[in-house]
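*Asks:* Predicted model, plus sequence, below.
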Amino acid sequence: MKEVIGVRFRENGKIYFFNPLNYKIDPGRYVIVETQHGVEFGKVVLGRREVDETKLQGELKPIIRIATEADEKKHAENLEKNKKAMVICKEKIEKRGLEMKLIGAEYSFDNSKVLFYFTADGRVDFRELVKDLAAVFKTRIELRQVGVRDETKILGGIGICGRRLCCNAHLSEFGPVSIKMAKEQNLSLNPGKISGVCGRLMCCLAHEQETYEYLNKKLPNVGDVVKTFDGKTGEVTAVSVLRQKVKLKVAQEDDTFEIEEYKVDELRFRPKKKGGQKGGGHGKKGGNDGSSDKELKELENLERKEGKSKLDED
């Protein structure tokens, strides 16, 4: 076991572990640390704790010092310099006619490097741009191409829920998101309805996945034949996962059928096997909501495009 503290270098960025040495550092304090990218200014978000050495990636570097008022002032100055660097870089990009979109600029704390983030449809030859920027900033220049999810995390925005985007508000790392999650939650498989601002599957699909998996295990599948507490037999036509209610097609004495709703604990049926088909008719061709094969293929393409964040490359 190793004693560590957790440090972030940008709001809601990835958390990195460092050796706290003999410093007593509470969460919320700022520290100066040495990283493989140089000396950086970061915020302590996890206090001293012990972690398994097998979970640590690479050498555990010690912090240099607790940040002073002068360090905090310098960090604030760097944030202002980032804005000016953005303006200059955009001008150079336009002058060179490069097909790239600049989305962020960051000075390292010691000003030994300026890092620019950009998006582009393909590979971009920015060698001449680097020379232009180096001539202006007189320091090492790095350009890093990132994906659309990273772009959205940096720029932020409002989601269809009316709230700040999850990736920009609280997610430190992107987790895997799949079509299976949308099916599990009985959502429309229309790409326009379950895709975020970035054009990829919404991160929030993962938020309630564990709860839906638990609740779905307690429900029968659409098409199952079940018995009710009062002795009736009916075919499941729909399930309400959150309400834990089931609609049944029940035969009447006059050979007609009626749709009746029951609570799941009023039914008798065989529990689902582990890894079996979930509630809501999932697994049907074209989706459980009548979505087309074309829409499913589009969703599968979005799912394949999910990737590791390039903002915090180790």
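*Replies:* Okay, I see it. Numbering: from 1, shown residues only.

*Asks:* quick check: longest helix of this structure.
*Replies:* For the chain, the longest helix by residue count, based on DSSP state H, is helix 69-96.

*Asks:* Which other helices and strands does that helix contact?
*Replies:* For helix 69-96, the packing partners by 3 or more CB pairs under 8 Å, 6 or more residues apart in numbering; DSSP states H and E come out as strand 30-35, strand 38-51, strand 101-107, strand 113-119, helix 127-137. C-beta coordinates here come from the backbone N, C-alpha and C atoms, glycine included.

*Asks:* Mind putting these into a markdown table with mean pLDDT?
*Replies:* Formatted as a markdown table, the helices and strands packed on helix 69-96 follow (pLDDT from 0 to 100):
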| stretch | mean pLDDT |
| --- | --- |
| strand 30-35 | 93 |
| strand 38-51 | 91 |
| strand 101-107 | 95 |
| strand 113-119 | 95 |
| helix 127-137 | 96 |
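
*Asks:* Could you export these as a markdown table, including distance to Glu94 and mean neighbour count?
*Replies:* What follows is the helices and strands packed on helix 69-96, written out as a markdown table (distance: least, CB to CB, whole Å; neighbours: other CB atoms under 10 Å):
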| stretch | distance to Glu94 | mean neighbour count |
| --- | --- | --- |
| strand 30-35 | 32 | 18 |
| strand 38-51 | 29 | 17 |
| strand 101-107 | 10 | 19 |
| strand 113-119 | 13 | 20 |
| helix 127-137 | 11 | 15 |
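
*Asks:* contacts for stretch 77-96?
*Replies:* If you take CB atoms under 8 Å, 6 or more residues apart in numbering as the criterion, stretch 77-96 is touched by 41, 100, 102, 104-107, 109, 111, 114, 116, 128-129, 132-133, 136-137.

*Asks:* just to revisit the earlier point, so which of the helices and strands packed on helix 69-96 is nearest Leu187?
*Replies:* strand 113-119 (27.9 Å; CB to CB).

*Asks:* which residue is nearest the middle of this structure?
*Replies:* In the chain, the centroid-proximal residue (CA atoms, centre = their mean) is Phe174; its distance is 3.2 Å.
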